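*Asks:* Requesting a structural model of the entry that follows:
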Amino acid sequence: MLSGPVVNVYSLSNYSFGSKEVKMEKDTSVADRLARMKQNYMKEGMRKCVEGILLVQEHNHPHVLMLQIGYTFCKLPGGRLKPGENEFEGLKRKLSSKLAPTTTSVQPDWQIGECVAVWWRPNFETLMYPYCPPHITKPKECKKMFVVQLAEQQHFAVP
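*Replies:* Below you'll find the model as predicted:
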């Protein structure tokens, strides 16, 4: 019998949510974001991103915690790695900047688990694929998604 890693999933009621100041998006449109991505690609090469999958339980079903951007868009917490930055440390940095309260000096001890997905952006368009197409020799972005083991109780601060 195969046995994989165990992820403990706790009730949503174990977590509390506060607020913090909203960080403005760098781009006002998708076209602006893709143009900035192209400029950064020319300077730094392929963009490397990480995202965290935070699981909770509500009504006896697992739920994924996501950040709401505006009224119509949601995304996983995470973001771009700095050049040469380790994936785990980069994801911890991004989770703290997006979800940790700014009023406390103690940062959460994020437990980063397995990488469960890798997505590729072959060109400067919006679509990403769960594989790198074989004819693409220089993809523009690689995004990895990791399961994050939450503590049994935790306080989050979200914009």
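*Asks:* biggest helix in the chain by residues?
*Replies:* Ranked by residue count under DSSP state H, the longest helix found in the chain is helix 30-44.
*Asks:* So which bits of it are buried?
*Replies:* If you call a residue buried by 16 or more other C-beta atoms under 10 Å, then helix 30-44 has these buried ones: Leu34, Met37, Tyr41. Any C-beta I mention is one placed from the backbone N, CA and C, and that applies to glycine too.
*Asks:* Tell me the helices and strands packed up against it.
*Replies:* Where contact means 3 or more C-beta pairs under 8 Å, 6 or more residues apart in numbering; DSSP states H and E, helix 30-44 is packed against strand 47-58.
*Asks:* Name the residues of the least confident helix or strand in the chain by mean pLDDT that come out as buried.
*Replies:* Lowest mean confidence among the helices and strands of the chain (mean pLDDT, DSSP states H and E): strand 67-69, at a mean of 86. By neighbour count with 16+ other C-beta under 10 Å, strand 67-69 contains no buried residues.
*Asks:* Tell me where the protein is predicted with low confidence.
*Replies:* Using pLDDT under 70 as the threshold, the predicted model of the chain has low-confidence ranges 1-3, 104-105.
*Asks:* Which parts of it are strands?
*Replies:* Read by DSSP state E, the chain holds these strands, from start to end of the chain: 15-19, 47-58, 61-65, 67-69, 73-75, 78-80, 111-121, 141-149, 154-158.
*Asks:* from the buried residues of helix 30-44, which is closest to Val50?
*Replies:* Lowest distance from Val50 to those (C-beta to C-beta) belongs to Met37, with 16.1 Å.
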